[in-house]
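quick one: sequence plus predicted model below, questions after.
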Amino acid sequence: MSAQTTGPANPQNSSMAKTIWRDFGMIVVLVVIFILCSLLVPRFLSVPNMKALTLAVSMTGMVACTMMFCLASGNFDMSCGAVVACSGVVAAQVINLAAPVFGGAVGMILGILASLGVGLLVGLVNGVTIAYIKINALITTLATMQIARGFGYIIGDGRAVGVSVEEFFALGTKSWLGIPIPVYITIVCFAVFGTLLEKTAFGRNTLAIGGNEEAANLAGIRVSAHKLLLFILHGLMAAFAGVVLASRMTSGQPTTSQGFELDVISACVLGGISMAGGIASIWFAISGVLIMGILQNSMNLMNVQTFYQYVARGLILLIAVIFDKYKQKYM
Amino acid sequence: MSSLPADYMEFVHISKQFPGVLALDDVNFSVPQGSVRALVGENGAGKSTLLKILSGAHPPTTGHIRIADREMAFEDTTSAIDAGVAVIYQELQLVPELSIAENIYLGHLPAGSMFIDYRQLWDKAFENMRMVGLGDVSPKVRVGRLSIGQRQMVEIAKALTRNAGIIAFDEPTSSLSSRETDVLFGIIRQLREQNKTIFYVSHRLEEIFEICDSVTVFRDGRHVATRRTMEGLTRDMIVKDMVGREIVDIYHYHPRPHGEAALKVEDVTGPGLASPVSFEVRKGEIIGCFGLVGAGRTELMRILFGAAPRRSGNVEVFGRTVDVKAPADAIRAGIMLCPEDRKKEGVIPGLSIQENTNISARRHHLRMGFLDKRWEYDNVMEKIRALAIKTPSQRQLARNLSGGNQQKVVLARWLAEKIKVILLDEPTRGIDVGAKSEIYDIIYRLAGEGIGVVAVSSELPEVMGISDRILVFSEGELVADVPRAEATQEKILSLALPQESKKHFRGEEI
Ligand SMILES: Nc1ncnc2c1ncn2[C@@H]1O[C@H](COP(=O)(O)OP(=O)(O)OP(=O)(O)O)[C@@H](O)[C@H]1O
Ligand SMILES: [Mg+2]
């Protein structure tokens, strides 16, 4: 069973330790930050705050799952914040229009389907433009971001659209065993996309494409189709997050989630997912999302003004990527 | 510490420890000025690592370098460049988006008051380009548009402008045509006359006798022997030092029975081909494709594999027409390709050996849609053993493997597939003698199982050594189909030369 070995006797152990550190290093950082905040920030470790915290990160968490796949394949997507807003407005409008005709339940289903349709469409446009026409992902998604944002305003007529069917609010506002529904959804997303990345050929192929696209193509991976699928998945996920958010806010708001895409990308990168592609793990996404969430939550608790929060978050991200650079170099 | 001119520079007790790999183990030897020193050894013996230490790219774990009378411990590449060291790596370090001239002078671009003085840049660059035989290319051409051989020459021109006293070449000829190789050897001889110290790494032992004054042999990171090429040194002696045993006949060809057609190519055209190509490979047959660099062989392989578009023509595999639009289609149809440029097209550097090996065949081995890691582990371990891939663990990232071992990983990828036809583009480029002979064994074994094999190679002895039939390409055309029995070096070579130089070859003038 032994490979050709050169050098010291236990290379297996040292590389094992390294793998563990690489995969779970950020989790350790997360735990440390959590403990520090619990000790230093008043009211941090309280049931209502934990509820607020997990609810606050649930949106970023969901979308981070598919953003992770985009990043892993060497792409990224700036349009997801606008998709969240637009799909929320679409859901609200369609529910309001359909509910009087078909009844509340059918109206809700139609609303959710319509909003997922928005995500599908944006994902399709992004995917086709990037994977087949081969336009740069940054430019493409910047364009679709503005288009989606614009349609959000147009469809909502520039205002928030209140939803008339109350059952719709359950998705975002109800709790089960004291934990809000969106948190469960996020946990399920982490589990599903984590499994997809680590345990399926789909995940491995994504990493291969991000690692060396030409080699992946010559190894028989259908690169363009794969990328298209990633963007569609990501669009659908953003749209779904938009539905959950609209449900939580009881209305579709065209102004919501400005800069959300940057929060998601920051969280992923903070956790250790490479912007250059090829390196990703669900643990990176989870730890990045939670670290960002905890720090923001603590700053809120300590009444740090929003302007300073921006500065602090920027600094944290900068430190994280520099740290990551050295981590990679050291390995 | 006084020194004779005879040992101008010295490696003093150099060791290099990578995680899990002792790449260099107390290496100690010296080199005189005005001479060419060959560094040879099996894949992963530590040659490239030594050059990286020389260039400051990696610090040694222990030991130091002495140049003239000064002890050096290069912290980074700039200090090595300042000390007069230029290393031309196995994997070229050029910026494809920039012009040749900009690449040559990168880091010390001639500036006017504030802006780059392009006139001067182009003139100066062109002078250097002429020295390396690139006189017919404009210095304004982007490097991305050059062939691998031409890029190599740009890299050499870059080293020349730095006026380095120590110049090291890591497998420079593996991507050069024979004419370019001659140009390179001319340059090396010139440099030797200018009293420079030259290191030359190659797996082609004939070249070492042609151009080097002495040979240093490495095995498993250790310095085994240094010998002068003059005093009755033979190729077999070097090989024995390298692998620790004798290799009698590396090709050990023996005829096999051939079946019906495995691959039938009819009037195929596409980018890089000047006229339609037709040929046939029978089951169990090994076809060698010879030609000079740029003759269209790689392009043909890429078209057959779906990596480049086929404009017209018909391809049959095992008697059935296949429509290959993408590599994935080719693989489904049973056609595999080992590409020429392993770094760019072969390995995925950030994934492990296990990942790289299993990328393709695992789709046959999913368990309820999930990766079968047990199978993947067994498969990679078997391949590591079969191909003698040198690595501490199957979890090692592909980027940390030596060049030759990366090549083996790409080959390993296909061996678990259901192969009907395998296209090998320079399968032994950068592979050491011992492993070469093992790769030939694998090729024979594949052929023996009834697979059609097409092997592209720029090494004539290799093509003649393993092929049942040789297709000769010249300037994008298939010019001849020569059975093994009728193949002679002169015949194949003269067929491969471009029309223009064929006249010269027939004896008018050179
Ligand atoms: N960055 C690295 N990290 C870990 N191991 C490395 C690294 N670079 C090289 N190695 C290992 O060091 C050993 C020597 O590699 P090196 O590239 O010097 O071999 P080489 O003699 O140049 O081989 P080849 O003929 O195949 O190019 C190999 O076992 C290789 O896997
Ligand atoms: Mg090497």
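Yep, that arrived. Only a predicted model underlies this, so the values are computations on that prediction, with no experimental measurement involved. Numbers count the residues shown, from 1 in each chain, chains lettered A, B, ... in the order given. Ligands and ions are numbered 1, 2, ... in the order given.

just the helices in the stretch 101-250 of chain A please.
A:104-127, A:137-156, A:170-173, A:181-199, A:201-211, A:213-218, A:223-249 (DSSP state H, counting those that start in this stretch).

got those as TSV, with mean neighbour count, distance to residue B:233 and mean pLDDT columns?
For glycine as for every other residue, the C-beta is placed from the backbone atoms N, C-alpha and C. Shown next, in TSV, are the helices of the stretch 101-250 of chain A (neighbours: other CB atoms under 10 Å in any protein chain shown; distance: least, CB to CB, whole Å; pLDDT from 0 to 100):
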stretch	mean neighbour count	distance to residue B:233	mean pLDDT
helix A:104-127	21	61	94
helix A:137-156	19	57	94
helix A:170-173	16	80	84
helix A:181-199	18	54	94
helix A:201-211	24	43	91
helix A:213-218	23	40	90
helix A:223-249	24	50	95
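
okay, the ones you listed in JSON lines with distance to residue B:69 next?
Listed next are these as JSON lines, based on distance: least, CB to CB, whole Å:
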{"stretch": "helix A:104-127", "distance to residue B:69": "63"}
{"stretch": "helix A:137-156", "distance to residue B:69": "54"}
{"stretch": "helix A:170-173", "distance to residue B:69": "76"}
{"stretch": "helix A:181-199", "distance to residue B:69": "56"}
{"stretch": "helix A:201-211", "distance to residue B:69": "46"}
{"stretch": "helix A:213-218", "distance to residue B:69": "47"}
{"stretch": "helix A:223-249", "distance to residue B:69": "55"}
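
and chain B, which of those helices is closest to it?
helix A:201-211 (3.9 Å; CB to the nearest CB).

the closest one near chain B anywhere?
Yes. Applying CB under 8 Å from any CB of the partner chain, one finds helix A:201-211 touching chain B at A:201, A:204-205, A:207-208, A:210-211.

quick check: angle from that helix to helix A:181-199?
Relative orientation of helix A:201-211 versus helix A:181-199 (axes from the mean of the first three to the mean of the last three CA atoms, to 10 degrees): 70 degrees.

show me what helix A:201-211 packs onto, helices and strands only.
In terms of contacts (3 or more CB pairs under 8 Å, 6 or more residues apart in numbering or on different chains; DSSP states H and E), helix A:201-211 is packed against helix A:47-72, helix A:181-199, helix A:213-218, helix A:223-249, helix B:353-358.

the fourth one near chain B at all?
What it means is helix A:223-249. No. If you take CB under 8 Å from any CB as the test, helix A:223-249 misses chain B, and the best it gets is 8.7 Å.

partners of the helix or strand following that helix, with directions?
Counting by DSSP states H and E, the next helix or strand C-terminal to helix A:223-249 is strand A:251-252. Sheet partners assigned to strand A:251-252 using DSSP bridges are listed as strand A:161-162 (antiparallel).

which of the three states applies to whatever residue of the stretch 51-200 of chain A ends up closest to ligand 2?
Of the residues in the stretch 51-200 of chain A, the one nearest ligand 2 is residue A:74, at a distance of 27.1 Å by CB to the ion. Using DSSP: H, G, I helix; E, B strand; the rest coil, the secondary structure recorded for residue A:74 is coil.

re earlier: what's the closest of the helices and strands packed on helix A:201-211 to ligand 1?
helix B:353-358 (10.1 Å; CB to the nearest ligand atom).

what does the closest one rub up against?
For helix B:353-358, contacts defined as CB atoms under 8 Å, 6 or more residues apart in numbering or on different chains pick out A:204, A:207-208, B:347-348, B:376-377, B:379-380, B:383-384, B:389, B:391, B:394-398, B:401, B:409-410, B:412-413, B:416.

show the buried residues in those.
Applying 16 or more other CB atoms under 10 Å in any protein chain shown to those, the neighbour count classes A:204, A:207-208, B:347-348, B:376, B:379-380, B:383-384, B:389, B:391, B:394-398, B:401, B:409-410, B:412-413, B:416 as buried.

so which of the residues you listed belong to helices?
A:204, A:207-208, B:376, B:379-380, B:383-384, B:409-410, B:412-413 (DSSP state H).

tell me which residue of chain B lies closest to ligand 2.
Closest point on chain B to ligand 2, by CB to the ion, is residue B:48, at 3.1 Å.

wasn't that residue part of a helix?
Yes. Counting by three-state DSSP, residue B:48 is part of a helix.

residue contacts, it?
By CB under 8 Å, 6+ apart, the neighbours of residue B:48 are B:89-90, B:170, B:201, B:402-403.

lowest-confidence entry in the residues you listed?
Of all the contacts of residue B:48, residue B:90 carries the smallest pLDDT score, 69.

among the buried ones among the contacts of helix B:353-358, which are within reach of ligand 1?
Contacts with ligand 1 within the buried ones among the contacts of helix B:353-358, counted by CB under 6 Å from any ligand atom: B:391, B:401.

can you tell me the closest non-neighbouring residue to the residue nearest the centre of chain A?
With distances taken as CA atoms, centre = their mean, residue A:64 lies nearest the centre of chain A, 1.6 Å away. Nearest residue to residue A:64, sequence neighbours excluded (CB to CB, 6 or more residues apart in numbering or on different chains): residue A:285, at 4.7 Å.

is it true that that neighbour touches residue A:266?
No. With contacts counted by CB atoms under 8 Å, residue A:285 stays clear of residue A:266, the gap being 11.7 Å.

so which of these two has more stuff around it?
residue A:285 (33 against 22; other CB atoms under 10 Å in any protein chain shown).

next up, the contacts around that one.
A:61, A:64-65, A:67-68, A:190, A:267-268, A:271, A:273.

which residue, other than its chain neighbours, is closest to the residue of the stretch 51-200 of chain A closest to ligand 2?
Going by CB to CB, 6+ apart, residue A:74 has residue A:277 as its nearest residue, at 2.8 Å.

neighbours around the one you found, how many?
23.

looking at this, it is in a helix?
No. According to three-state DSSP, residue A:277 belongs to no helix; its state is coil.

isn't it right up against residue A:211?
Yes. At 6.6 Å, residue A:277 counts as touching residue A:211 under the criterion of CB under 8 Å.

rewinding a little: the ones in helices among the buried ones among the contacts of helix B:353-358: which two are farthest apart?
Greatest spatial distance among those (CB to CB): A:207 and B:384, at 20.9 Å.

before we move on, back to that, strands - which of the contacts of residue B:48 land there?
Among the contacts of residue B:48, DSSP state E puts B:170, B:201 in strands.

check the contacts of residue B:48 and tell me the two furthest apart.
Maximum distance among the contacts of residue B:48 (CB to CB): 12.4 Å, for B:89 and B:402.

looking at those two, which one has more neighbours?
More crowded of residue B:89 and residue B:402, by other CB under 10 Å: residue B:402, with 25 against 19.

contacting residues around that one?
B:43-45, B:48, B:390.

now do stretch B:306-320, average pLDDT.
92.

so is it next to chain A?
Yes. On the criterion CB under 8 Å from any CB, stretch B:306-320 is in touch with chain A at residue B:307.

what lies in contact with that stretch?
A:217-218, B:260-272, B:276-278, B:283, B:299, B:302-304, B:321-322, B:324-330, B:333-335, B:337, B:339, B:420-421.

show me the residues you listed that map onto helices.
Those of the contacts of stretch B:306-320 lying in helices (DSSP H): A:217-218, B:299, B:302-304, B:327-330.
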